[in-house]
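Participant: coordinates only, sequence not included:
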């Protein structure tokens, strides 16, 4: 070997060593120092807050099939490309329902002074059918539960059924917001369908939410194509008013709702991959849903979830950290009124489910985060001590296990064996603004959003670099 060749070889070896050292530095694994760096970097960044302003202030509402939803797809895809992620737009056919006129007045009731009517504050439920253009007038019957609906079945035909079922705010304030929501929202889904099957002229549901500021809370109605009667959510105050008036005698309402169910529209899930190193074929999902209802700007439901997921990649890029497994950010389309984004992804990845190591979804607002919920098996919980330790300095070290989380877009993957994770959040005020015109940027506290990103980023990185297998979710059959 001549002197020049020897010199070249030494330089080549040195360059390779430096490259290897650089790669090692960029893949520090799950040592406490690296986890702390990720946590601290996220807590100092306003990148997610800036993206939240872009989505809510520049675009606004993002109901499936709307121009806002299409603009959000482009906005998120562009932002992720700027971070260097590999972006795929996965086609999804979505429902396209549009709101029309919505007015209501009480026109007859016992003791009504001559010439007096009372306006009722309401908003159409997603998937609602329409009244005639001039509206309809019918008697209102007040129903408090399914047993009463069954016992008064003979009275339903041709009348407007009002389900006056209160959201239990005290339960929400004591850490059971999801349960409080579930026990009231069933009347918005199953109740509307049953009323339609029984021949109701229209159906009203007391708004499912906690702040009684005469705000209507919209949401999916549960109505089917062959029985789309007019359906609306009324403010809690107006539901209580009608219940009081009904106790005095018969009441009648003049109701106008003119929504339209249009042909399904073309849309997309936004999928952004941050490729892994030696385990690049294995995937860790971090996600939120991109669509929102059309009354507000969907800040807490679910722009905060989307931008927090996006900010995971921003945080790692700033630190020049590369994960072992591929981190896949997904902005789901159509969680609110169809769930087709999650279903489309599941169908396309059934054969590849075993390569999905874990999946995170954030869809419970931006309240104070205390840790994570998960559906990993009991035997895997011992492997998460370092993660909890890394989050403890920000008082977010809780890790709660359940057999199934059943989140909006991941429940299918979870049933296929992919362990789910979701931020453990204070939801005590979440349902004050949920699905209302008041779900806007100003309701999000910047510090809470930074903490949200920190928990999401540390957890995603930890899952993407774990040595120990965490097993599969074991979801009980429904």
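Facilitator: Arrived safely, thanks for sending. Here the structure is a predicted model, which is why all the values come from computation and not from measurement.

Participant: Wait, residue 360 touches residue 459, no?
Facilitator: Yes - with contact defined as Cβ atoms under 8 Å, residue 360 counts as touching residue 459 (6.5 Å). In this view, the C-beta of every residue, glycine as well, is placed from N, C-alpha and C.

Participant: which residues are in contact with both of those two?
Facilitator: Residues touching both residue 360 and residue 459 (Cβ atoms under 8 Å, 6 or more residues apart in numbering): residue 421.

Participant: What residues sit buried inside stretch 182-201?
Facilitator: Neighbour-count burial for stretch 182-201 flags 184-185, 187-189, 191-196, 198, 200-201 (criterion: 16 or more other Cβ atoms under 10 Å).

Participant: ugh, typo on my part, it should be stretch 394-409
Facilitator: Under 16+ other Cβ under 10 Å, the buried positions of stretch 394-409 are 394, 396-397, 399, 401, 405, 407-409.

Participant: Over to stretch 365-378?
Facilitator: 365-376.

Participant: quick check: mean pLDDT across it?
Facilitator: The average pLDDT within stretch 365-378 is 97.

Participant: Tell me the gap between that stretch and the middle of its chain.
Facilitator: Relative to the centre of its chain, stretch 365-378 is centred 14 Å away, using Cα atoms, centre = their mean, to the nearest Å.

Participant: can you tell me the distance between the two ends of it?
Facilitator: Distance between the boundary residues of stretch 365-378 (Cα to Cα, to the nearest Å) amounts to 27 Å.

Participant: picking that back up, and the buried residues of stretch 394-409 as CSV, adding distance to residue 42, pLDDT and secondary structure?
Facilitator: Shown next, in CSV, are the buried residues of stretch 394-409 (distance: Cβ to Cβ, whole Å; pLDDT from 0 to 100; DSSP: H, G, I helix; E, B strand; the rest coil):
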residue, distance to residue 42, pLDDT, secondary structure
394, 9, 98, helix
396, 11, 98, coil
397, 15, 97, coil
399, 18, 98, strand
401, 24, 97, strand
405, 23, 96, coil
407, 22, 96, coil
408, 24, 95, coil
409, 23, 98, coil
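
Participant: Make CSV from those residues and add distance to residue 475 to it.
Facilitator: Listed next are those as CSV, based on distance: Cβ to Cβ, whole Å:
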residue, distance to residue 475
394, 30
396, 26
397, 26
399, 19
401, 13
405, 9
407, 12
408, 15
409, 15
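
Participant: Out of those, the closest to residue 133 would be?
Facilitator: For the buried residues of stretch 394-409, the minimum distance to residue 133 (Cβ to Cβ) is 35.0 Å, reached by residue 408.

Participant: Can you name the two of the buried residues of stretch 365-378 that sit furthest apart?
Facilitator: 366 and 376 (24.7 Å).

Participant: now residue 269, which residues is it bridged with?
Facilitator: Counting by DSSP bridges, residue 269 is bridged to residue 90.

Participant: Pull up the gap between the most centrally placed residue in the chain and residue 407, please.
Facilitator: By Cα atoms, centre = their mean, the chain has its centre lying nearest to residue 363, at 3.3 Å. The gap separating residue 363 from residue 407 is 6 Å, by Cβ to Cβ, to the nearest Å.
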